[in-house]
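Peer 1: one predicted model, sequence on top.
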Amino acid sequence: MDKIEKCKKISLKKIMKENTRKNIKEQQGIIKKLNKTMKKTKKNNKELFNKTRKSRDFHKEMLKIFQKDNKKPTKTQIERYSRGYCNPGCEGTIFREKEYTNKELSKMYDDLKLEGDDKQKKAWMKNFKDAFDFESQSRPKNIKKLDNDSFYFKFDKKKKKRLIKMGALSGCFFS
């Protein structure tokens, strides 16, 4: 079994489980803070209360999605994580060194094979385009996107060390 297959079969499960656990914990913390804000503003500021409630409801939906993901990851999630953590050179992601042509970018954008309803798909598509635009504009042109370990050059050092220890071969994500 080569390194990439080993990463996909063994390390990916650990990484996905850890990320999902962290996402659940993060959403729970946000919901808790929003509930406190709602209690404080309920009587005094109806407008802020309503905005906070909408935000809380959004995070509750995100929490449900993460809890569902924790039980059984979808094919799309497995593909996305393997493209991010088991992909030396970050081919097929916005992090590869070589710049994309518009045709390549469009194909990559269409190949995301998103699951869920149209609203979720549109949100994912917008996030993808925004991430690509952000990365392209924020990185100085004389700096390589990836370090020697195939991790994005701004990737958090502690996270990188932990992921490599877990068996990740790349870090094709913003950290």
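Peer 2: That came in fine, so what should we check first?
Peer 1: show me how far the helix or strand encompassing Lys40 is from its chain's centre.
Peer 2: Per DSSP states H and E: Lys40 is located in helix 12-41. Helix 12-41 has its C-alpha centroid displaced from the chain centroid by 15 Å (Cα atoms, centre = their mean, to the nearest Å).
Peer 1: same thing with stretch 81-98?
Peer 2: 13 Å.
Peer 1: list the buried ones in it?
Peer 2: Residues of stretch 81-98 classed as buried by neighbour count (16 or more other Cβ atoms under 10 Å): Tyr81, Ser82, Arg83, Gly84, Tyr85, Cys86, Asn87, Cys90, Thr93, Ile94, Phe95, Arg96. For the C-beta atoms, the positions are set from N, CA and C on the backbone; glycine is no exception.
Peer 1: nearest residue to the second one in space, please, no chain neighbours.
Peer 2: Spatial nearest neighbour of Ser82, excluding adjacent residues (Cβ to Cβ, 6 or more residues apart in numbering): Lys8 at 5.2 Å.
Peer 1: my guess is Lys42 contacts Asn50. True?
Peer 2: No - counting by Cβ atoms under 8 Å, Lys42 does not reach Asn50; the two are 10.3 Å apart.
Peer 1: count of residues packed around Asn44?
Peer 2: By the criterion of other Cβ atoms under 10 Å, Asn44 has 8 neighbours.
Peer 1: same deal with the one 3 residues further on?
Peer 2: For Glu47, the tally of surrounding residues (other Cβ under 10 Å) stands at 8.
Peer 1: where's it, which helix or strand?
Peer 2: Assigned by DSSP H and E, Glu47 falls within helix 46-71.
Peer 1: which helices and strands sit right next to that helix?
Peer 2: helix 12-41 (3 or more Cβ pairs under 8 Å, 6 or more residues apart in numbering; DSSP states H and E).
Peer 1: now the helix it packs on: buried residues?
Peer 2: Buried positions in helix 12-41, judged by neighbour count with 16+ other Cβ under 10 Å: 12, 15-16, 19-20, 23-24, 27, 30-31, 34, 37-38, 41.
Peer 1: could you do stretch 160-173 as well?
Peer 2: For stretch 160-173, by 16+ other Cβ under 10 Å, it's Lys160, Leu163, Ile164, Met166, Gly167, Ala168, Leu169, Ser170, Gly171, Cys172, Phe173.
Peer 1: redo these as a markdown table? Include pLDDT, secondary structure and distance to Lys154.
Peer 2: Listed next are these as a markdown table, based on pLDDT from 0 to 100; DSSP: H, G, I helix; E, B strand; the rest coil; distance: Cβ to Cβ, whole Å:
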| residue | pLDDT | secondary structure | distance to Lys154 |
| --- | --- | --- | --- |
| Lys160 | 89 | helix | 10 |
| Leu163 | 90 | helix | 15 |
| Ile164 | 91 | helix | 16 |
| Met166 | 91 | helix | 20 |
| Gly167 | 90 | coil | 22 |
| Ala168 | 91 | coil | 16 |
| Leu169 | 91 | coil | 18 |
| Ser170 | 91 | coil | 14 |
| Gly171 | 88 | strand | 10 |
| Cys172 | 85 | coil | 12 |
| Phe173 | 77 | coil | 10 |
